[in-house]
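Novice: My questions are about this predicted structure, shown below with the sequence.
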Amino acid sequence: MRKLQVKNAETVKLAIRQEITRSENTRYQHRLHALLLICEGMSANKVARLFGQSPRTIQYWVNRFNRHGFDGLLETSRPGRPSALDEELLAKLGKDLRKSPVELGYSQGFWDGKLLSHHLQEVYHVEMGVRQCQRLFRKLGFRRRKPRPLIANSDPALKRGFKKNMSGKTRIQ
C-alpha cells in the first residue's frame, strides 16, 4: 500500500489544531485520544509531539484522569482574576460617566481611558490601567467618541453666517 499524504500538511495541521480548540467537546475528545495513546504505551513526550502540546500538559491530563476519572478531562471553569470593581462601585461609576467630566471638576470635556483611570484612583482609590478603563467603557455600555477638531483661529460669527437655506445652497449673510 502506498503511503498516504495530505496536501499542504503544515497548513492542515494548524487548521486541525484550531478546529480542536473551537469547542469543549472536541477538546475533551482530544484529551481522550491522548490518554488512549498513553494507555497503549506511548511516552508523554511522543504524545505531546503528535498532539502539538507540551509534555507537561499531557502529564496534567493523565494526573487529572487518575484522580477524577473521565470528569477530570472535561473543561473546568476559568474565572480569571476577580474584578477590582464590585456591582455597587460599577453602578456609581456608571452615574459618574453619564456626567460631563467638567461637572466633576476636571478640565477635560470628554471621558477617555486616561481620565477614567485617574478618576478611579482619585475618587474610589482603585488603580486600573488605561486599556482596562477603555474596556470598562464598553462593559458599561458606552461607545467611543472622539471630539470634533476645532479649526484654529476660526471666527464664530463667520461660521454662523454660513447656513443652508431651503434649496440646499449656502449663503453668506
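Specialist: Great, that's in hand.
Novice: The residue sitting nearest the centre point of the chain: what secondary structure?
Specialist: Central residue of the chain (CA atoms, centre = their mean): residue 135, 8.1 Å from the mean position. Following DSSP: H, G, I helix; E, B strand; the rest coil, the label given to residue 135 is helix.
Novice: List the contacts of the longest helix along the chain.
Specialist: The residue-count maximum for a helix in the chain (DSSP state H) belongs to helix 24-39. Residues from elsewhere that reach helix 24-39 (CB atoms under 8 Å, 6 or more residues apart in numbering): 19-21, 44, 46-47, 50-51, 53, 58, 61-62, 65, 73-75. The C-beta positions use only the backbone N, C-alpha and C, and glycine is treated the same way.
Novice: if you set the cut-off to 7 Å instead, what comes out?
Specialist: With contacts defined as CB atoms under 7 Å, 6 or more residues apart in numbering, helix 24-39 is touched by 19-21, 44, 47, 51, 58, 61-62, 65, 73-75.
Novice: Quick check: next helix or strand after that helix?
Specialist: Downstream of helix 24-39, the next assigned helix or strand under DSSP states H and E is helix 44-51.
Novice: Mind giving me the packing neighbours of that next one?
Specialist: If contacts are counted by 3 or more CB pairs under 7 Å, 6 or more residues apart in numbering; DSSP states H and E, helix 44-51 sits against helix 24-39, helix 55-68.
Novice: Buried residues, the last one. List them.
Specialist: When neighbours are counted by 16 or more other CB atoms under 10 Å, the buried residues of helix 55-68 are found to be 57-58, 61-62, 64-65.
Novice: Closest to residue 97 out of those residues?
Specialist: residue 57 (42.1 Å; CB to CB).
Novice: what sits against the spatially closest residue to that closest one that is not a sequence neighbour?
Specialist: Setting aside the residues directly before and after it, residue 57 is nearest to residue 48 in space (CB to CB, 6 or more residues apart in numbering), at 6.8 Å. Counting by CB under 7 Å, 6+ apart, residue 48 touches 54-55, 57-58.
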